[in-house]
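Visitor: Below are the sequence and a predicted model for it; my questions follow.
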Amino acid sequence: MKIIVADRISEHGVKLLADPGWQVVQPAAASLASELAEADALVVRSATRVTDELLSQARRLRVIGRAGVGVDNIDLDAVVHGPLHSPTERQYARGQMGEVRRRRR
């Protein structure tokens, strides 16, 4: 599993992600889209904007994790209608993001 950590998180957090043998990549902003092309997971904080354009590069993406509070930097419509890899995971993510969207209104 390839996990992209797009924003700075603690070294302990990176270690927890890497311990099961997963590949953890912390790319520079300029190479985020290209690294995301083969990633299974994306972890962001508040600096990275998860947009439709960015998600269009994510052919294998199965999950987006938000380290912190809120989802104002994540385009919920792009996630709900986007290219998440697995139908089951896509349904779950859409349900979760749809619930977040409903609560924000």
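Guide: Thanks, I have it.
Visitor: Is it correct that residue 24 falls within a strand?
Guide: Yes: using DSSP: H, G, I helix; E, B strand; the rest coil, the assignment for residue 24 is a strand.
Visitor: My guess is it contacts residue 9. True?
Guide: No: counting by CB atoms under 8 Å, residue 24 does not reach residue 9; the two are 9.9 Å apart. Quick note: C-beta positions are derived from backbone N, CA and C, even for glycine.
Visitor: I'd like to know which elements the helix or strand residue 35 falls within is packed against.
Guide: Using DSSP states H and E, residue 35 sits in helix 32-36. Where contact means 3 or more CB pairs under 8 Å, 6 or more residues apart in numbering; DSSP states H and E, helix 32-36 is packed against strand 2-5, helix 52-55.
Visitor: which parts of the last one are buried?
Guide: By neighbour count, and taking 16 or more other CB atoms under 10 Å as the criterion, the buried residues in helix 52-55 are 54-55.
Visitor: so for it, what's the average pLDDT?
Guide: Throughout helix 52-55, pLDDT has a mean value of 91.
Visitor: Against which helices or strands is that helix packed?
Guide: Secondary elements touching helix 52-55 (3+ CB pairs under 8 Å, 6+ apart): helix 32-36, helix 76-80.
Visitor: Quickly, which of those bottoms out on average pLDDT?
Guide: Minimum mean pLDDT among these: helix 76-80, a mean of 80.
Visitor: Number of residues surrounding the nearest residue to residue 59 once chain neighbours are set aside?
Guide: Among residues not flanking residue 59 along the chain, residue 37 sits closest, at 5.8 Å (CB to CB, 6 or more residues apart in numbering). Counted with other CB atoms under 10 Å, the neighbours of residue 37 add up to 13.
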